[in-house]
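A.B. asks: When you get a sec, could you give me coordinates for this:
(one chain, ligands or ions: 1)
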Amino acid sequence: MQKVRKAVFPVAGLGTRFLPATKAIPKEMLTIVDKPLIQYAVEEALEAGIEDIIFVTCRGKSVLEDHFDSSPELERALLAKGRNDLLEKIKVNYHVACTRQSEPKGLGHAVWCAKNLVGDEPFAVILADDLMLSNPPCLKEMVKLYNELGGNVVAVEDVPREQTYKYGILDVESDNGKVVKAKGLVEKPTPEEAPSTVSIIGRYILSPKVFEYLDKQERGAGGEIQLTDAIAQTMSHVPSYGYRFQGTRYDCGSRKGFVLANAA
Ligand code: G1P
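C.D. replies: As a prediction, the model looks like this:
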């Protein structure tokens, strides 16, 4: 089993739900109390043993790129004041790479943009909008499961049937409570068409085989290139499992989730 070393963070969304706040500030840089949303996601990846952070950005996200760079002036000033506690909070001692998605063609397309940076090895995808509160952290548990089972591992949660249209949904082959084996995946089905209510939430560990299908650039639900469809197409070669997340997820892509996350 190859080690999961790289994580892809699609951060090219426009964040229109948070306008006017996100006119000049990337939505991933909005803070939950004192830390940008994206930093929670990066820290979760590092805790799971990820060594390479890959951002898929777009125009207007340079503040995010600066946030994950060293800041010599600030570091010198903090050092001079003996503020090692603050230095600790701002240091970036891991490898960061950025690439761009020049057109918003969907999540699958965003992940495909990182293909050359990922190469031929398993990798994680983290959607920072989904803020996961749990101990141990969600991705760490998924890496553990991946090391046992291999294949693709996606984090899942049971949602009310009327909400299936917002998620990728598993067609369940077997379910032992913690691990759900999938025999199919459908992106954003209507409640009537959904094969189950087990839905993908924003954490994935994927075989590089998904890139073979993303290469075809096929459009799916909403006219977008969907990651769910590419994962579904790998399933005849790569078994796919859902890890039922044990903890609380805050959908920080919505204003309500964002406020709840701040309160929590
Ligand atoms: C994306 C995925 C979907 C997944 C969801 C989790 O949808 O396409 O399969 O269930 O993230 O948050 P989006 O929220 O970008 O519409």
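
A.B. asks: now residue 262, what's its secondary structure?
C.D. replies: Three-state call for residue 262 (DSSP: H, G, I helix; E, B strand; the rest coil): helix.

A.B. asks: That one: neighbour count?
C.D. replies: Using other C-beta atoms under 10 Å, residue 262 is surrounded by 13 other residues. Every C-beta, even on glycine, is put in place using the N, C-alpha and C of the backbone.

A.B. asks: beta partners for the residue nearest to it when sequence neighbours are not counted?
C.D. replies: Nearest non-adjacent residue to residue 262, counting by C-beta to C-beta, 6 or more residues apart in numbering: residue 32, 5.5 Å away. Taking DSSP bridges as the rule, residue 32 bridges to residue 35.

A.B. asks: What residues does the stretch 51-200 of the chain have near the ligand?
C.D. replies: Within the stretch 51-200 of the chain, the positions adjacent to the ligand are 107, 127, 130, 167, 168, 187, 199, 200 by C-beta under 6 Å from any ligand atom.

A.B. asks: What is the burial count for the closest residue to the ligand within the chain?
C.D. replies: Proximity of the chain to the ligand (C-beta to the nearest ligand atom) peaks at residue 168, 2.7 Å away. By other C-beta under 10 Å, the residues close to residue 168 number 25.

A.B. asks: what's the distance between it and residue 203?
C.D. replies: Relative to residue 203, residue 168 is positioned 12 Å away (C-beta to C-beta, to the nearest Å).

A.B. asks: anything in contact with each of these two?
C.D. replies: Common contacts of residue 168 and residue 203, defined by C-beta atoms under 8 Å, 6 or more residues apart in numbering, comprise residue 154.

A.B. asks: what about residue 55, which SS state?
C.D. replies: Secondary structure assignment for residue 55 (three-state DSSP): strand.

A.B. asks: for the stretch 101-250 of the chain, what spans make up the strands?
C.D. replies: 123-126, 130-133, 152-158, 168-175, 179-187, 198-206, 240-244, 248-251 (DSSP state E, counting those that start in this stretch).

A.B. asks: Looking at the ones you listed, which one is packed in the most?
C.D. replies: strand 123-126 (a mean of 26; mean count of other C-beta atoms under 10 Å).

A.B. asks: Mind giving me the packing neighbours of it?
C.D. replies: Here strand 123-126 touches strand 6-10, helix 37-47, helix 138-149, strand 198-206, going by 3 or more C-beta pairs under 8 Å, 6 or more residues apart in numbering; DSSP states H and E.
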